[in-house]
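**Student:** My questions are about this predicted structure, shown below with the sequence.
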Amino acid sequence: MSQRLLPSLLSLFLCTSAAQAAPPKKQKKSADTAKRVTLVIWGGGKTPADAERAMKDFTDRGFKSSASLVRLFSSEVRGLNPGFHIAVLGACSSVEGHALLRRARQFYPGVYGRAVPAEGEVAKLSCPSVTTPRREWYYEPSPDEPAVITSSEEVVVPAGTLKVTVEATIDSNSEFVAASYSVKTRLTKGEQVIDEWTHVQPDFATVSDLTLDGKTVVLTTKDALSDCKGDSFAEVEFRTRRFSVKNGKIAVKEQTTGRESSLCGPNYEGSTPCSIARQTALYNAVRGACENATRDDCMKAISEYEAEAEDVECNESYGGAD
């Protein structure tokens with residue numbers, strides 16, 4: 001009898017030992033490891049009125065958003081200090097949230113982000129498209145104190161983060177103002193630089209605006225082809241450059257949206273009164289024809305009127321242009 005039971009007992013022992021040695025089953029993820037998002041917070045305080053004021057401050061500063069700001073009570077959001085009524089822009093992925101924070105902090109350093117679980121009211125929020133205030137890019141600085149204005153726009157795309165940084169420099173010597181700008185564009189993925197594009201526009205050139213249009217960064221400028229410091233004919237072009245990502249590379253689409261031109265005023269330095277009279281007559285005769293004309297058309301108008309200007313009677317008392 002005992003011999004027949006031995007194999008059964010041995011089998012039971014081996015099964016029990018195997019069960020004890022088996023690794024424990026993986027536990028389900030706890031709520032603390034659930035999907036997290038970056039909550040972008042504009043401001044707030046201890047009362048609902050504080051949150052309302054923060055929401056108004058957002059628009060007062062010139063910001064615009066594709067979605068209205070939302071008021072939340074921090075006690076109802078895990079991961080936040082309890083007891084505060086806050087104005088929230090939205091809930092973004094970590095990469096999108098930090099890109100939005102960098103853009104907004106150029107104009108308002110008080111905006112901040114917190115990583116929280118995507119649950120409850122937070123789960124209902126999306127990552128908004130935000131338009132930053134328009135920056136003043138051009139003014140006449142104090143003599144011999146150059147002004148440097150730097151701003152950037154960035155957008156997250158599947159290929160990485162596209163960032164366009166523009167630096168405008170303005171200098172004045174009380175007589176002339178010099179202005180130029182440079183553009184540095186980078187496409188990055190984490191710490192890796194995927195692609196770069198740079199451009200320097202020399203004097204005279206000014207920046208009008210740097211904005212975000214969906215997934216495209218738009219730069220508008222006014223670029224001189226010639227100016228009155230070294231030429232008798234001034235020409236400027238209004239340009240738009242659109243930066244996007246195509247096939248994993250930076251794509252730049254440049255378009256001339258308008259142009260202006262004019263005849264520069266006479267240079268009377270070293271001129272005799274007779275020469276001043278003739279230059280003034282020529283200038284007054286052709287400046288209308290040269291307004292917003294091409295250089296060739298302006299030079300043609302000058303040639304047609306030169307003979308008439310030569311016939312101007314010299315007037316020793318003539319002092320300058322109208």
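**Tutor:** Structure received. Numbering: from 1, shown residues only.

**Student:** Go ahead and flag the most central residue of this structure.
**Tutor:** In the chain, the residue lying closest to the centroid (CA atoms, centre = their mean) is residue 153, at 2.9 Å.

**Student:** what's near enough to touch that one?
**Tutor:** Residues in contact with residue 153 (CB atoms under 8 Å, 6 or more residues apart in numbering) are 103, 132, 163, 164, 210, 211, 212, 217. Using the backbone N, CA and C atoms, a C-beta is placed for each residue, glycine as well.

**Student:** which SS state does the closest residue to the third one other than its chain neighbours fall under?
**Tutor:** Nearest residue to residue 163 in three dimensions, chain neighbours excluded: residue 154, at 3.9 Å (CB to CB, 6 or more residues apart in numbering). Secondary structure state of residue 154, per DSSP: H, G, I helix; E, B strand; the rest coil, is strand.

**Student:** List the ones among the contacts of residue 153 that fall in helices.
**Tutor:** If you go by DSSP state H, the contacts of residue 153 have residue 103 in helices.

**Student:** Would you map the helices across the stretch 201-322 of the chain?
**Tutor:** 273-290, 295-310 (DSSP state H, counting those that start in this stretch).

**Student:** Which among those is found nearest to residue 118?
**Tutor:** helix 295-310 (60.5 Å; CB to CB).

**Student:** What's the mean pLDDT across the closest one?
**Tutor:** Throughout helix 295-310, pLDDT has a mean value of 80.

**Student:** Check stretch 204-216 too.
**Tutor:** 95.

**Student:** my read: residue 293 touches residue 302, true?
**Tutor:** No - Residue 293 lies out of contact with residue 302 (CB atoms under 8 Å); the separation is 10.8 Å.

**Student:** For residue 136, which of the helices of the stretch 201-322 of the chain is the nearest?
**Tutor:** helix 273-290 (30.8 Å).

**Student:** how far off helix 295-310 does the closest one point, in degrees?
**Tutor:** Calculated by axes from the mean of the first three to the mean of the last three CA atoms, to 10 degrees, helix 273-290 forms an angle of 140 degrees with helix 295-310.

**Student:** If you count neighbours, what's buried in helix 273-290?
**Tutor:** Using 16 or more other CB atoms under 10 Å as the test for burial, helix 273-290 gives 276, 277, 278, 279, 280, 281, 282, 283, 285, 286, 287, 290.
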